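Enquirer: predicted coordinates and the sequence they were generated for:
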Amino acid sequence: MPMRLHDTLTRRLRMVAPLEEGHVRLYTCGPTVYARAHVGNFRTFLFEDILRRWLERRFARVTHVMNLTDVDDKIIRQAAAAGHGLHAETAPFIDAFYEDLRTLNIRPAQHFPRATEYIEEMVALIERLEEAGVAYRSAGSVYYRVAGFPHYGRLSGARAEGLVAGAGGRVDADEYDKEDVRDFALWKAVGADEIGWDTRLGRGRPGWHIECSAMSMALLGESFDLHCGGVDNIFPHHENEIAQSEAATGRQFVQIWCHSAHLRIGGEKMAKSMDNFATVPDLVASGARPSALRYMLAAAAHYRKPVNYSDESLHAATESVDRLADFDARVRGYPPRAGENEARVERIAEARSEFGAAMDDDLNLPGAMGTVFSLIRVLNRELDDGELDSASYSALVGFLDEVDDVLGVMELVANERTGNSLSEEDRALLDLRRVARERREWSESDHLREVLADRGIVVEDTGEGQRWRRL
RNA sequence: GGCGACGUAGCCAAGUGGUAAGGCAGAGGUCUGCAAAACCUCCAUCGUGGGUUCGAUUCCCACCGUCGCCUCCA
């Protein structure tokens, strides 16, 4: 079954067909490390994680590159204000980013190139653009001549007139050095006392867009398969990347462009500039479970539709994850009887097939989860009044493994529920309760359940005795 | 102003030219010492108005509303 993704450039679903047989090359725009990334940023990174995970199930090999933008105006300003270098400024935020990736169980890219480590590649690329006649120097800086690239605007649908007329009142500081307001800086000249690099282009620092062209081509080749980011990267960032890369190489830069919609809060885009953002540790500290955060950001809505963050949606995600995790635990804890219920095995196979079809259809994880939950209801009913045959058990465990290979929440749930192992006191309380139940001392048992609940431990009674979990 | 996206039950949300998955919340029930979990039942004419069609929530047009991008922005 072919996997299809929505391509921003052609505005239609396109089959994922790697240029190199069996090997998908994926580039995703990572964070600008001038501050800790917020959960809105992580919605995109989570979408990309789901994409990468599904690609890994569908193709033999996936090479994933995510850049870290560790030089830009804000970072330079902050470093200068703090009186230290770029690295000292960005290191804490890079560490924080990696920490948040782990918290959300996001698979790390194979490469996390940093802009500051690819200055030479950028300079070389700019030189190629000069040779191609689409770059020019002005007041020590180098600019890209948009008029020299006929396809400019194809990705964003931005026509030249619209760009000129609709500047939105913002005036770029170096606009006056440009031939055309649409032109953008490839290399920005800086003074001797400013943070910069001495290169063949003179002393300066790279423009924003050139890093992604240089790093993606360095690590994935001049033409590769997928390039992703948030919708706000479509223009100007990705539009300019195409212009730079294709003007330099004369080849198609990327096969398919994917962009995820924003996370909203209170109906508006979550953004640092709006001061309405929260970070992963912020939310975890306030009681959000990482598994629920992951589910809400990645699975509650399709990646191309905006999601609104709210306590209610987080709660719904928490309950969904619990339902899945409870079922998973129930199945794995069920002693299967030998035998094969053909109808049941068939039902599981159908669900698995529907799940895959939904994922292949532009990564429709919300739809895919619908089939999972439908199956869960049917099988819970059957588990309620019977046993599980071993054939179904195998099929089911295989399917649940596949689901979580994409969803990536079970490991988080396991940590949340049993992670910080029980304290001596909690262990003792559970033992006391077990003894009380054996003696049928219900009021004591109920009391201990409340005491444990106050300590953050939920106790449930099952046929096989009491079971506990956190939260 | 230009470009684009979205509008499905109390909330979130998938989907389809032939009368709507799933999750949350709510009501009632089964089970349970009580709970929890699980299960059963109930809860939507798909923004508004036109058009195309035997038939539209699904296609087209208009309108209303919300949001995003227009060189900081995942």
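Expert: Here it is on my side, so go on.

Enquirer: any idea which helix or strand of chain A has the worst average confidence?
Expert: helix A:160-165 (a mean of 44; mean pLDDT, DSSP states H and E).

Enquirer: any idea which helix or strand comes after that one?
Expert: strand A:184-189 (DSSP states H and E).

Enquirer: residues of that next one that come out buried?
Expert: Buried residues in strand A:184-189, defined by neighbour count with 16 or more other Cβ atoms under 10 Å: A:Phe184, A:Ala185, A:Leu186, A:Trp187, A:Lys188, A:Ala189. All C-beta spots, glycine's among them, are computed from the backbone N, C-alpha and C.

Enquirer: dump these to JSON lines, plus pLDDT and distance to RNA strand B.
Expert: As requested, those are arranged in JSON lines below (pLDDT from 0 to 100; distance: Cβ to the nearest atom of the strand, whole Å):
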{"residue": "A:Phe184", "pLDDT": "93", "distance to RNA strand B": "4"}
{"residue": "A:Ala185", "pLDDT": "93", "distance to RNA strand B": "8"}
{"residue": "A:Leu186", "pLDDT": "95", "distance to RNA strand B": "11"}
{"residue": "A:Trp187", "pLDDT": "96", "distance to RNA strand B": "14"}
{"residue": "A:Lys188", "pLDDT": "94", "distance to RNA strand B": "12"}
{"residue": "A:Ala189", "pLDDT": "93", "distance to RNA strand B": "17"}
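
Enquirer: so can I have a markdown table of the residues you listed showing distance to A:Leu400?
Expert: A markdown table is the format used below for the buried residues of strand A:184-189 (distance: Cβ to Cβ, whole Å):
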| residue | distance to A:Leu400 |
| --- | --- |
| A:Phe184 | 49 |
| A:Ala185 | 51 |
| A:Leu186 | 50 |
| A:Trp187 | 52 |
| A:Lys188 | 52 |
| A:Ala189 | 58 |
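
Enquirer: would you check that A:Ala248 makes contact with A:Ala135?
Expert: No. In terms of Cβ atoms under 8 Å, A:Ala248 does not count as a neighbour of A:Ala135; the distance is 9.4 Å.

Enquirer: joint contacts of these two?
Expert: With contacts taken as Cβ atoms under 8 Å, 6 or more residues apart in numbering, A:Ala248 and A:Ala135 have A:Leu129 as neighbours in common.

Enquirer: now the closest residue to RNA strand B within the stretch 201-350 of chain A: closest residue in space, sequence neighbours ignored.
Expert: Nearest residue of the stretch 201-350 of chain A to RNA strand B (Cβ to the nearest atom of the strand) works out as A:Gly230 at 2.1 Å. Distances taken as Cβ to Cβ, 6 or more residues apart in numbering put A:Thr44 closest to A:Gly230, at 4.4 Å, once the chain neighbours are dropped.

Enquirer: burial of A:Pro150, as a residue count?
Expert: Neighbourhood size, A:Pro150 [other Cβ atoms under 10 Å]: 8.

Enquirer: where does pLDDT dip in the stretch 151-300 of chain A?
Expert: Where the stretch 151-300 of chain A drops to pLDDT under 70, the residues are A:158-176.

Enquirer: mind listing the helices for it?
Expert: In the stretch 151-300 of chain A, the helices defined using DSSP state H, counting those that start in this stretch lie at A:160-165, A:210-220, A:239-249, A:280-285, A:290-298.

Enquirer: and the fourth one, does that touch RNA strand B?
Expert: No. Helix A:280-285 is not in contact with RNA strand B by Cβ under 7 Å from any atom of the strand; minimum separation 13.3 Å.

Enquirer: return the set of buried residues in that helix.
Expert: Using 16+ other Cβ under 10 Å as the test for burial, helix A:280-285 gives A:Val280, A:Leu283.

Enquirer: what helices and strands are in contact with it?
Expert: Under the contact criterion of 3 or more Cβ pairs under 8 Å, 6 or more residues apart in numbering; DSSP states H and E, helix A:280-285 touches helix A:39-58, helix A:86-103, helix A:290-298.

Enquirer: surely A:Arg36 and A:Ala96 touch.
Expert: Yes. The pair A:Arg36 / A:Ala96 is scored as a contact, 4.7 Å apart, by Cβ under 8 Å.

Enquirer: residues making contact with whichever strand or helix holds A:Thr371?
Expert: Take DSSP H and E as the rule and A:Thr371 turns out to sit in helix A:365-384. For helix A:365-384, the external contacting residues (Cβ under 8 Å, 6+ apart) are A:50, A:298-303, A:320, A:323-324, A:327, A:330-331, A:334, A:344, A:347-348, A:351, A:354-356, A:358-359, A:361, A:388, A:396, A:399, A:403, A:406-407.

Enquirer: tell me the angle of it relative to helix A:39-58?
Expert: Angle of helix A:365-384 versus helix A:39-58, following axes from the mean of the first three to the mean of the last three Cα atoms, to 10 degrees, is 70 degrees.

Enquirer: quick one: contacts for the residue of the stretch 201-350 of chain A closest to RNA strand B?
Expert: Neighbouring residues of A:Gly230 by Cβ under 8 Å, 6+ apart: A:Cys29, A:Asn41, A:Arg43, A:Thr44, A:His259, A:Ser260, A:His262.

Enquirer: hey, what's it bridged with?
Expert: Judged by DSSP bridges, the bridge partners of A:Gly230 are A:Ser260.

Enquirer: dump the residue contacts of the residue nearest to A:Gly196 when sequence neighbours are not counted.
Expert: Nearest non-adjacent residue to A:Gly196, counting by Cβ to Cβ, 6+ apart: A:Val190, 4.0 Å away. Contacts for A:Val190 (Cβ under 8 Å, 6+ apart) come out as A:Gly196, A:Arg203, A:Gly204, A:Arg205.

Enquirer: drop anything exposed from those residues.
Expert: Buried among these by 16+ other Cβ under 10 Å: A:Gly196, A:Gly204, A:Arg205.

Enquirer: next step: those restricted to strands.
Expert: A:Gly204, A:Arg205 (DSSP state E).

Enquirer: can I get the buried ones among the contacts of A:Val190 in a markdown table including distance to A:Ile376?
Expert: Below are those laid out as a markdown table (distance: Cβ to Cβ, whole Å):
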| residue | distance to A:Ile376 |
| --- | --- |
| A:Gly196 | 58 |
| A:Gly204 | 58 |
| A:Arg205 | 54 |
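
Enquirer: am I right that A:Arg137 falls within a helix?
Expert: No. According to DSSP: H, G, I helix; E, B strand; the rest coil, A:Arg137 belongs to no helix; its state is strand.
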